[in-house]
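**Q** Sequence plus predicted model, see below.
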Amino acid sequence: MNNEVVQYRTYIKGGILSPVELQQIIEYAQKLELDTFHFGSRQDIIFPLKDRNENIVEEHDLFDPSFFSSQSQQNISCSYVSIDIFDATVWLRGTTYLYILEEFRYKPTLKINITDPKQQMVPLFSGDLNFIASPNEDYWYLFLKLPDWSEMYYPALIYTWDIAKIAEAIEKEYKDVTGIDELFKLLNQKVDSNNKVIENPLQVTFNPFPYYEGMNKMGINQYWLGLYWRNNKYDLKFLKMLCEFCVEHRIGKICLTSWKSFVIKGIPRESKLALEKLLGQSGINVRHSALELNWHLPVSNKKALELKKFLVMNFDQNDISTYGLTFSIVANQNQNRYFTSIVIEENKTPERIKDFVIRSTYNVLYAKNFDPNTRNYIVYAQDIDQMDLPGLLLELTKTYFQNLGTKNDSHNVGVIAKKEVLEIEVYQCNDCQTVYDPSVGDVLRGISIGTEFMDLPVDYNCSLCEASIDNFEKIVLEIV
């Protein structure tokens, strides 16, 4: 997939902004002759490279580079969007997030996540610095994924009011120390902080992915609205009217999600009918099928969008349930920070051979236990043609539902991250290196899950190169 490089990002701290702030961004986009803009997976706003007339936005007379975030800056993601509408840690309040974000008075160059492990909307571990709420009131675990470092936990809980200064200190010091012990000692010397001893490891409970679109009840007298666009091109005229509605009805916050959608919370009951009228007059459809909402796609990537449409249509036609599952379509095989249950990864297409066009093939990976917050992904199939993807994904969803609730749906994440290594016996084709795993079977050859290699039919052959069964050799794989 040829990803369009999008340069113009406006970082929205924590994905939270007021209707007036969003209005100002919209008005500037309209001055650049844009009709739409995008939302990013790190809860930011992305301007397209070209305007409605296909002119390059950067060449517009009113283009101001200072309006956008620098290339070195990173956004702070947080799960404020989920508070009061999805499960939450008991002591966490919306104001807690707002106070923390207010303390960030510098522009981070590391990706920072501030999240509640009880919610499923915002990833816990996709940042460089991941602050995750603990059961102890006003204290947070810190999971580090620093560049060129091994993944590990900070050896103490961080106090709410120390998060910003600890994050800033780590940015300044981590390149000059040799490991977590030295970093911890240095920060204790340089930062006046109120750390707490970690008594229990972080426990993350797996819950199915929530439905986040449409008008929904919030408490007794309020509602929340989640809106999603299929193509991630948000109409600026409608957004501007929506901001005016929020100002008029004293709705203070608009929250961007990690799923390139947005949520408005705290809609008064008496304003619900007026909002529904606004949506209807603008032709805004809510209550898209849950099949559509749980996808991560590269921004402005038409091929990925078409693939998603193809798969969703096939799911719908065959009444396939994907409740609780999430999907990502990626083109960068070096990507290592997913937040999804299932990954559809496009292989690099060989150059054209004379007049022949080589069709794209895909690899399919799934998260361990289908938990999007895991950092362990398992290869399910490789070099799959697009037409074979629906059937293969159908089998994978069946595996998900078969195991749902049968395993312990919570897991402890150690204070010092230790990689779990699992050894499994599989059989590999000596010609093309395709692996036959009995626990997966072979969908393309009609081999069901759990079929041992010695029970395969004598005429079984490799699903990729069609080599005979005699060409397979037993090997041991280590899955981390």
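**A** Yes, it's here. Numbering: from 1, shown residues only.

**Q** Which residues are in contact with the residue nearest the centre of the chain?
**A** Compute the mean C-alpha point of the chain, and by C-alpha atoms, centre = their mean the closest residue is Phe339, 3.9 Å away. When the contact criterion is C-beta atoms under 8 Å, 6 or more residues apart in numbering, the partners of Phe339 are Pro123, Ser126, Ser258, His296, Thr326, Ser328, Pro372, Asn373. To be clear about C-beta, it is placed using only N, CA and C from the backbone, and glycine gets the same treatment.

**Q** so how far is Leu183 from the closest residue in space to it that isn't next to it in sequence?
**A** With C-beta to C-beta, 6 or more residues apart in numbering as the measure, Pro123 is the residue that lies nearest to Phe339, at 3.6 Å, once sequence neighbours are left out. Pro123 sits 23 Å away from Leu183 when distances are taken as C-beta to C-beta, to the nearest Å.

**Q** shaky segments in the stretch 201-350 of the chain?
**A** Low-confidence segments of the stretch 201-350 of the chain, defined by pLDDT under 70, are located at 332-336, 349-350.

**Q** One more pass at 80, please.
**A** With pLDDT under 80 as the threshold, the stretch 201-350 of the chain has low-confidence stretches at 285, 287-290, 299-300, 331-337, 348-350.

**Q** So Pro155 sits against Ile180, correct?
**A** Yes. The pair Pro155 and Ile180 qualifies as a contact (C-beta atoms under 8 Å) at a distance of 6.7 Å.

**Q** Comparing those two, which residue is more hemmed in?
**A** With other C-beta atoms under 10 Å as the criterion, Pro155 and Ile180 differ in neighbour count, and Ile180 comes out ahead with 18 against 15.

**Q** ok, and the closest non-adjacent residue to the more buried one?
**A** On the basis of C-beta to C-beta, 6+ apart, the spatially nearest residue to Ile180 that is not a chain neighbour turns out to be Met152, at 5.4 Å.

**Q** Tell me how far stretch 235-250 lies from the chain's centre.
**A** Taking C-alpha atoms, centre = their mean, to the nearest Å, one finds the center of stretch 235-250 at 27 Å from the center of the full chain.

**Q** Show me what counts as buried in that stretch.
**A** Applying a neighbour-count criterion of 16 or more other C-beta atoms under 10 Å, one finds Asp235, Leu236, Phe238, Leu239, Lys240, Leu242, Cys243, Phe245, Cys246, His249 buried in stretch 235-250.

**Q** How far off centre is whatever helix or strand Leu278 lives in?
**A** In the assignment (DSSP states H and E), Leu278 maps to helix 272-281. Remark: helix 272-281 is offset 30 Å from the chain centroid, using C-alpha atoms, centre = their mean.

**Q** distance of Ser72 from Leu110?
**A** Distance from Ser72 to Leu110, counting by C-beta to C-beta: 10 Å.

**Q** should've said Arg269
**A** For Arg269, the distance to Leu110 under the criterion C-beta to C-beta works out to 42 Å.

**Q** So those two - more neighbours on which side?
**A** It is Leu110, of Arg269 and Leu110, that has more neighbours when counted by other C-beta under 10 Å, with 18 against 13.

**Q** Give me the secondary structure label for that one.
**A** Put simply, Leu110 is coil when judged by DSSP: H, G, I helix; E, B strand; the rest coil.

**Q** Extract the residue ranges of the stretch 351-480 of the chain that are flagged as low pLDDT.
**A** Within the stretch 351-480 of the chain, the segments meeting pLDDT under 80 span 351-359, 374-375, 403-425, 431-434, 439-441, 443-445, 449-450, 463-465, 476-480.

**Q** again, only using 50
**A** With pLDDT under 50 as the threshold, the stretch 351-480 of the chain has low-confidence stretches at 414-421, 480.

**Q** so who does the residue lying closest to Gly252 once chain neighbours are set aside touch?
**A** Nearest residue to Gly252, sequence neighbours excluded (C-beta to C-beta, 6+ apart): Ser18, at 6.2 Å. The neighbours of Ser18, taking C-beta under 8 Å, 6+ apart as the test, are Gly252, Lys253, Ile254.
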